[in-house]
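S.K.: let's see this in three dimensions:
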Amino acid sequence: MMLEQINAAGGVNGHPLEVIIYDDETSVEKCVTLTNRLIEQDNVLAIIGPTTSGNSLGIIETVTAAEIPLISCAASTLIVEPVEERYWVFKTPQTDKEAVTEIYIYMQEQGFTKVALITDTSGFGAAGRDILVADAGDYGITIVDDQTFASGDTSMQSQLTHIGGTDAEAVICWATDKESATVATDMQTLQMDIPLFCSHGIANMAFITNAGDAANGVIFPAGKLLILDDIPTDDPQYDVLTQYTADYEAYTGETVSTFGGHAYDALSMVVIALEQLDEGLDVAEARAAIRDAIEQITGFAGTGGVFNMSPTNHLGMVPGSLAMIEIVDGEWTQIQPSGLPDLLSVVDEFESLMTAADRDAQIVAFGDLSTAIEEIGDDELNTLLRAVVTQGMVSDEASAVAMVDMAAHMLSVCAASVEAFPAEVQPMLELADEIEAVIAAEDVAAQTAAFGELSAAVSAIGNDDLSAKLQNVITGGMQSELAGNMALGGMISWILMQAAEAAQ
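M.R.: Numbering: from 1, shown residues only. Below is the predicted model:
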């Protein structure tokens, strides 16, 4: 696909691009043989691949001795580290270290403390296991069982039965799609009811196809390519993800996967280097020049992330390239990103308090909200809630002001984490400053000015429902201070509800 596009556009600097493809059949020995053929017989200028960590690690000595640049499409950190020993080697997929970190952060947030491992003994599985074992303690996680299997094994029931006899709260499988699917189906067969986490090696439809219903509920980290609909349009990867997905699915008739994306990114980097190549260089000189140019690539937005290569980093991927994904009804679904404030979980209860029709309903709503706040341990929010009660003893007007203060605080907390929210609600959350100015205005002139800025900001967003909420504030304010404050609290509560729903 990409080769045809490049050559149809005139090639690289007027020269047609040639790509030679060999299948190493996941054999290290065959991979080494084919690499030597590419170097010695085909006289290629750069090598892209292999797609497995074991094979990539297996040819590092070969490409280093031949002084030819390699851009691996496999995950292991060891492929590019230590960088002083990987002068000729680069890679495009996220590392297993980054993937492990994302899983452990999520587990820590969800309260998991005991996990069992089941990993492939291949290069990819073994490297992932080493990091899982080494890093678990940093997240308060204890590994209570550590099982392995060989690539190609067709049953993992024995290992999983052993895990079932422990107090593991979750299973982490580190392998690619085929064996991971076997683990998922065997867990279903054994009726294991603890969650299964997998590596980014399952980020394709083959896993879902092979695992069937057992794929549902599986959680794993992967690049943004799988969750394109959730990516904001101002994300630096948005354009390339959109274009690549459209081109790939039109060309192949298949659902896009991250693995093709890794090769796309690698070839894109080689083309960037080729475009800088001087004419008249011999093969050895051209290989060296391509290596140097790849190492200087910065700000390149690919399907896997944004890359800033350097002499000390031959992956160069900036943070934020991975998302946590759960398979739901056979489809990839983004899990609420980390960084979203805990108070989102109490928005429903706050809305119930705001809309309570009578004193009895208020008492019930207050109890539910109080319990919800206690569960997330937000002392400041709890203090604001107590103020609602205290001011309620003074007057309804004072209670309404306290509820507005509480709502404004919640909105400000969300606004501080605005980038963690989906793009469609970010402008509403950014109204926090304008709303705070309205609340803080000490006289009519200041209030009028602040309200004018709020009205302009709401108008710029162009949301009819939000505009109607603002009109309610205007109408309520004309009736009484109580009605105006209740309408303002209702407007803020509505924004919080939109944010909570979008973040799910």
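S.K.: can you tell me the SS state at Leu267?
M.R.: At Leu267 the chain is in helix, as set by DSSP: H, G, I helix; E, B strand; the rest coil.
S.K.: measure it to Tyr244 for me?
M.R.: 12 Å (CB to CB, to the nearest Å). The C-beta positions use only the backbone N, C-alpha and C, and glycine is treated the same way.
S.K.: for Gly123, same thing?
M.R.: Taken as CB to CB, the span from Gly123 to Tyr244 is 27 Å.
S.K.: kindly report the same for Glu25.
M.R.: From Glu25 over to Tyr244 (counting by CB to CB), the distance is 27 Å.
S.K.: next: Tyr251.
M.R.: On the measure of CB to CB, Tyr251 and Tyr244 end up 10 Å apart.
S.K.: who has more neighbours out of Glu25 and Tyr244?
M.R.: Neighbour count, other CB atoms under 10 Å: between Glu25 and Tyr244, Tyr244 has more, with 23 against 10.
S.K.: before we move on, back to that, next, show the common contact partners of Tyr251 and Tyr244.
M.R.: Residues touching both Tyr251 and Tyr244 (CB atoms under 8 Å, 6 or more residues apart in numbering): none.
S.K.: for this protein, give me the ranges with low pLDDT.
M.R.: Residue ranges of the chain with pLDDT under 70: 336-340, 504.
S.K.: 50 instead?
M.R.: For the chain, no stretch has pLDDT under 50.
S.K.: can you tell me the element Ala65 falls in?
M.R.: Ala65 belongs to helix 60-66 when assigned by DSSP states H and E.
S.K.: what's the answer for Ala457, then?
M.R.: With DSSP H and E as the test, Ala457 turns up in helix 444-461.
S.K.: repeat that for Leu241.
M.R.: Here Leu241 is assigned to helix 238-252, by DSSP H and E.
S.K.: longest helix in this protein, by number of residues?
M.R.: helix 481-503 (DSSP state H).
S.K.: I'd say Lys114 and Asp145 touch.
M.R.: No. Counting by CB atoms under 8 Å, Lys114 sits too far from Asp145 to count as a contact (9.3 Å).
S.K.: which of the two has more neighbours?
M.R.: Taking other CB under 10 Å, Lys114 and Asp145 do not tie; Asp145 has more neighbours (19 against 16).
S.K.: give me the three-state assignment for that one.
M.R.: Under three-state DSSP, Asp145 falls in the strand class.
S.K.: likewise for Ala323?
M.R.: Applying three-state DSSP: Ala323 is strand.
S.K.: gap between Leu45 and Ala9?
M.R.: Per CB to CB, Leu45 is found 19 Å from Ala9.
S.K.: domain ranges for this structure?
M.R.: When the chain is parsed with automatic domain parsing, its domains come out as 2-92+254-317, 96-230+323-334, 342-503.
S.K.: what packs against the helix holding Leu241?
M.R.: Where contact means 3 or more CB pairs under 8 Å, 6 or more residues apart in numbering; DSSP states H and E, helix 238-252 is packed against helix 258-275.
S.K.: what's downstream of the helix it packs on, the next helix or strand?
M.R.: helix 283-295.
S.K.: touching that next one from outside, list them.
M.R.: Contacts of helix 283-295 (CB under 8 Å, 6+ apart): 43, 45-46, 67-69, 71, 87-88, 90, 269-270, 272-274, 276-278, 281, 309-311, 314.
S.K.: swap in stretch 237-251?
M.R.: Taking CB under 8 Å, 6+ apart as the rule, stretch 237-251 contacts 1, 5, 224-225, 228, 231-232, 254-256, 260-261, 264, 301-303, 305-306.
S.K.: mind listing the strands for the stretch 301-450 of the chain?
M.R.: In the stretch 301-450 of the chain, the strands defined using DSSP state E, counting those that start in this stretch lie at 306-307, 322-328, 331-334.
S.K.: compare these and give me the one nearest Ile59.
M.R.: When the strands of the stretch 301-450 of the chain are compared by CB to CB, strand 306-307 sits nearest Ile59, at 21.9 Å.
S.K.: what's that closest one in contact with?
M.R.: By CB under 8 Å, 6+ apart, strand 306-307 touches 92, 236-237, 265, 269, 297-301, 315-318, 321.
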